[in-house]
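# coords below, sequence missing:
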């Protein structure tokens, strides 16, 4: 089934079956259907993360940072120089939501993401229903995709990139369904723009996707005035004002970004690999362009599809790191392009492209097992020891990735450090990470970089001013270091302030498992209280 737009371009209503008049939800029946759909979606997501999976370590980590910010209030800025306000605002909602509902902190963050999926798919469905008579399948199928695919794709559900995709979906449906802005009223467009702008503040680099789509559409339609649609003005204004008040007027915030870049530069891939990844992720676009030429696909579909993919690839390339959550929007952009073009292509090509996209998704899903197994081993080790972190302030030293963010968030602990991991240590140790080391323990470091020293000092001051109840020294991984192993008591052996803090604690558990290795220490003074 397809719908003809005013420009004569056939749009695929892939998710629609039968007569719209028979299947469209309306009235009391429609309300009941929607309520049931919402309850089932949110219940399924919460049950999955309660019984099967743990959330992504970054989702748990950023939520724990927001919890610390809430606990410290105005004093938080004294111990954390970098926490983007959009992230602090959105993920910080999980804290009062947890208190209000009684849900664990990690499940509250999952619930927020589930509500975002619900809002995004509902908005897109309403637009498609008003313009093309879409059936409820246009609500159900995208909702399933936007839940299941992030889970399969290395469990990126709820991360910033997932949120950006949720903002882009109703925008894309609007752009395809109402090319001449004649069917959808200004109120809906205002809502689309506000939602798009709000999600883009979480990862503003992806504004380039919208920019490229708008430029491509304006050129194809020869209507440059279309650049100034309500949704574009609203979303652009939100992102521009956010960046202005966060970065432009406050030099300290710009300095903080520079410090964070310095802290994580050991994670940055080399330029050769960066360009190679760019080429790899662009290859399918060349194939789709060739197919568009052969089968004479509408130019507007091809231009918008190419713009989406190009924007997602450029955003990942600009970050110089190709983590799973950076590659996720690229895969979604290709899926969106395939959705737009599938009814014009021979089924063999649709199948071939689908397989091409499924293979990396399957690979990401397979690698997720390692992280889930790590969390399980950690939980079993803590349970068997009889130790509990519930309601405790826990100082954590860890490299990335680590199962401790998920564990602390799920167990009702407060992570007593603003950083999700101590990447600045890897930056200092990078010079020692050579093949000749052959897995040796990393040497003690003396932090010479002023930027990295500031991050280290923040952690020490927090622990000196307000000592945590327990410390966890996680030695499970040394990533991104390849040839040396990090043990925190050795790495900071020459740091007098750290050693003075460490002297206030005694080891209560030393775990050396297959996937998780850590030391759990309790504060000596608190034991006597």
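That came through fine. Treat the numbers as computed from the prediction; the structure is a model and nothing was measured. Residues are numbered from 1 along each chain as shown.

# least confident secondary structure element in this protein?
Sorting the helices and strands of the chain by mean pLDDT, DSSP states H and E puts helix 20-23 at the bottom, at a mean of 41.

# any idea which helix or strand comes after that one?
Following helix 20-23 in sequence order, the next helix or strand is helix 27-51 (DSSP states H and E).

# so what secondary structure elements neighbour the helix or strand just after that following helix?
For helix 27-51, the succeeding helix or strand toward the C-terminus, using DSSP H and E, is helix 57-72. Here helix 57-72 touches helix 85-92, helix 94-101, helix 105-132, helix 404-410, strand 414-415, going by 3 or more C-beta pairs under 8 Å, 6 or more residues apart in numbering; DSSP states H and E. (Glycine included, C-beta is placed from N, CA and C.)

# so which of the ones you listed comes closest to residue 333?
helix 105-132 (15.7 Å; C-beta to C-beta).

# in this structure, which residue is closest to the centre?
Nearest to the mean C-alpha position of the chain, counting by C-alpha atoms, centre = their mean, stands residue 159 at 2.2 Å.

# that one contacts residue 56, correct?
Yes - with contact defined as C-beta atoms under 8 Å, residue 159 reaches residue 56; the gap is 6.0 Å.

# show the backbone phi and psi for the residue nearest to the centre of the chain.
Residue 159 adopts backbone torsions of phi -70, psi 170, taken as degrees, to the nearest 10.

# was I right about residue 224 contacting residue 217?
No - at 10.3 Å, residue 224 does not count as touching residue 217 under the criterion of C-beta under 8 Å.

# more neighbours, the two?
residue 217 (20 against 11; other C-beta atoms under 10 Å).

# can you pull the contacts of the more buried one?
175, 179, 226, 300, 303-304 (C-beta atoms under 8 Å, 6 or more residues apart in numbering).

# find the residues that touch each one of residue 159 and residue 56.
Jointly contacting residue 159 and residue 56 under the rule C-beta under 8 Å, 6+ apart are residue 325.

# quick one: contacts for residue 468?
By C-beta under 8 Å, 6+ apart, the contact set of residue 468 is 392-395, 416, 523.

# how about a markdown table for the residues you listed, with pLDDT and neighbour count added?
Converted to a markdown table, those look like this (pLDDT from 0 to 100; neighbours: other C-beta atoms under 10 Å):
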| residue | pLDDT | neighbour count |
| --- | --- | --- |
| 392 | 96 | 19 |
| 393 | 96 | 20 |
| 394 | 96 | 21 |
| 395 | 96 | 21 |
| 416 | 95 | 25 |
| 523 | 93 | 20 |
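
# in TSV: the residues you listed, plus secondary structure.
Listed next are the contacts of residue 468 as TSV, based on DSSP: H, G, I helix; E, B strand; the rest coil:
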residue	secondary structure
392	coil
393	strand
394	strand
395	strand
416	coil
523	strand
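
# nearest to residue 496 among those residues?
Looking across those and measuring by C-beta to C-beta, the closest to residue 496 is residue 395, at 17.4 Å.

# end to end on stretch 284-303, go ahead and measure it.
Distance across stretch 284-303, first residue to last, is 15 Å (C-alpha to C-alpha, to the nearest Å).

# if you could redo that for stretch 125-140, that was the one I meant.
End-to-end distance for stretch 125-140, by C-alpha to C-alpha: 9 Å.

# that stretch - what's its average pLDDT?
Predicted confidence along stretch 125-140 averages 93 (mean pLDDT).

# how about the contacts of residue 468 in TSV, adding distance to residue 230?
Compiled in TSV, these are given as follows (distance: C-beta to C-beta, whole Å):
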residue	distance to residue 230
392	50
393	47
394	47
395	49
416	46
523	56
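
# quick one: secondary structure of residue 472?
Three-state call for residue 472 (three-state DSSP): strand.

# use 618 as the first number from now on
All right, first residue 618 from here; so that's residue 1089.

# what sits against it?
Shown in contact with residue 1089 (C-beta under 8 Å, 6+ apart): 1011-1015, 1021, 1135-1138.

# now these in TSV, with distance to residue 896?
Shown next, in TSV, are these (distance: C-beta to C-beta, whole Å):
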residue	distance to residue 896
1011	44
1012	43
1013	38
1014	38
1015	34
1021	36
1135	40
1136	44
1137	45
1138	48
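
# out of the residues you listed, which are inside helices?
Among the contacts of residue 1089, the members found in helices (DSSP state H) are residue 1021.

# now do the helices in the stretch 868-1017 of the chain.
Counting by DSSP state H, counting those that start in this stretch, the stretch 868-1017 of the chain has these helices, from start to end: 868-880, 888-911, 916-936, 941-958, 964-1002.

# out of those, which comes closest to residue 661?
Using C-beta to C-beta, the helices of the stretch 868-1017 of the chain put helix 964-1002 closest to residue 661, at 17.9 Å.

# okay, angle between that closest one and helix 674-689 too, please.
For helix 964-1002 against helix 674-689, the angle by axes from the mean of the first three to the mean of the last three C-alpha atoms, to 10 degrees is 50 degrees.

# list the buried residues in helix 964-1002.
By 16 or more other C-beta atoms under 10 Å, the buried positions in helix 964-1002 come out as 966-967, 970, 974, 977-978, 981, 985, 988, 991-992, 994-996, 998-999.

# swap in stretch 1045-1060?
Neighbour counts over stretch 1045-1060 (16+ other C-beta under 10 Å) mark 1045-1046, 1050, 1054, 1059 as buried.

# of all the residues you listed, which two lie farthest apart?
Farthest pair in the buried residues of stretch 1045-1060 (C-beta to C-beta) is 1045 and 1054. Separation: 14.8 Å.

# between the contacts of residue 1085, which is nearest residue 817?
Of all the contacts of residue 1085, residue 1033 has the smallest distance to residue 817: 31.9 Å, by C-beta to C-beta.

# that closest one touches residue 1006, doesn't it?
No - Residue 1033 sits out of contact with residue 1006 when judged by C-beta under 8 Å, with a separation of 10.8 Å.

# still on that earlier bit, for the contacts of residue 1085, which one is nearest residue 758?
So of the contacts of residue 1085, ranked by how close each gets to residue 758 (C-beta to C-beta), first place is residue 1011, at 41.9 Å.

# got the contact list for that closest one?
Going by C-beta under 8 Å, 6+ apart, residue 1011 touches 1025, 1030-1033, 1085-1089.

# any chance of JSON lines for those, columns distance to residue 666?
As requested, the contacts of residue 1011 are exported to JSON lines (distance: C-beta to C-beta, whole Å):
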{"residue": "1025", "distance to residue 666": "16"}
{"residue": "1030", "distance to residue 666": "18"}
{"residue": "1031", "distance to residue 666": "20"}
{"residue": "1032", "distance to residue 666": "19"}
{"residue": "1033", "distance to residue 666": "24"}
{"residue": "1085", "distance to residue 666": "27"}
{"residue": "1086", "distance to residue 666": "27"}
{"residue": "1087", "distance to residue 666": "25"}
{"residue": "1088", "distance to residue 666": "28"}
{"residue": "1089", "distance to residue 666": "23"}
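
# same question for stretch 805-825: list its buried residues.
Buried residues in stretch 805-825, counted by 16+ other C-beta under 10 Å: 805-806, 808-825.

# in this structure residue 1142 contacts residue 1123, no?
No - the criterion here is C-beta under 8 Å, and residue 1142 misses it with residue 1123 at 10.6 Å.

# any low-confidence regions in the stretch 818-967 of the chain?
879-886 (pLDDT under 70).

# so residue 1035 touches residue 683, yeah?
No - shown here, residue 1035 and residue 683 do not form a contact pair, counting by C-beta under 8 Å, at 10.0 Å.

# alright, calling it a day.
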